[in-house]
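Here's my sequence, what's the structure:
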Amino acid sequence: MPFSALIRSAKHWTRNRNRWILRSFQLCSAMIVTFAAGREASAQEAKPVKTVGGHVGIATPLVTISDDTTTIGDQFTLLNPIGIGFKVSERVAIDFETVVATPIDPGGVTGLVVDPGVIYGFDGFAVGLRAAFQINTRANFGLIPLVNAALIDFGGAAWFVEGAFPTFYADEKLAFNVVLHTGVGF
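Prediction:
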């Protein structure tokens, strides 16, 4: 490109610089307004998603099948599950639960179970699977499949009922339990 053509191009740019700046500003403004309007519309359409929740409840084992089968009439134990959950998507939550186990009749030593899990929610009910560890006992491991149904929605909280099926392996023995659990999730 000859030097004279370069000078003409520079003069043309200088004369039209303000127009180019104004057009660029208008284009950027239009893009920002369009983007913001789209975000606002999608925010109005989408419901706010609660990302942290929890639950407290009361539960009892109805039957335990192992070397010896026991029912609630043979061993009445009161369980107090307390949990906090974190939603990772609209329907999936990671739930960290601890359960205080107090033997009532016959009495005994209060125990603790730590059982984190994954819960998948549907409309009005949920299913899940927990990994469970009984604390202060011999080496053990458990899996707890569960089915949970909301009974009454309080708007921000719900009363639920849950069937849980803890299965523990310890001391080369397998123990299967049927547990009834009710409480409030929020």
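
what's the spacing between the closest residue to Ala170 other than its chain neighbours and Gly107?
Spatially, and ignoring its direct neighbours in sequence, Ala170 is nearest to Asn140 (3.5 Å; C-beta to C-beta, 6 or more residues apart in numbering). Bear in mind the C-beta positions are built from the backbone N, C-alpha and C, glycine included. Between Asn140 and Gly107 the distance, using C-beta to C-beta, to the nearest Å, works out to 22 Å.

Looking at the two, which has the bigger crowd around it?
Neighbour count, other C-beta atoms under 10 Å: between Asn140 and Gly107, Asn140 has more, with 16 against 9.

Can you show me the strands along this protein?
Under the criterion DSSP state E, strands of the chain are mapped to 52-65, 70-71, 76-87, 92-105, 111-114, 117-121, 125-135, 140-153, 158-164, 167-170, 173-185.

got a markdown table for these, with mean pLDDT too?
Formatted as a markdown table, the entries for the strands of the chain read as follows, by pLDDT from 0 to 100:
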| stretch | mean pLDDT |
| --- | --- |
| strand 52-65 | 97 |
| strand 70-71 | 96 |
| strand 76-87 | 97 |
| strand 92-105 | 97 |
| strand 111-114 | 98 |
| strand 117-121 | 96 |
| strand 125-135 | 97 |
| strand 140-153 | 97 |
| strand 158-164 | 97 |
| strand 167-170 | 96 |
| strand 173-185 | 97 |
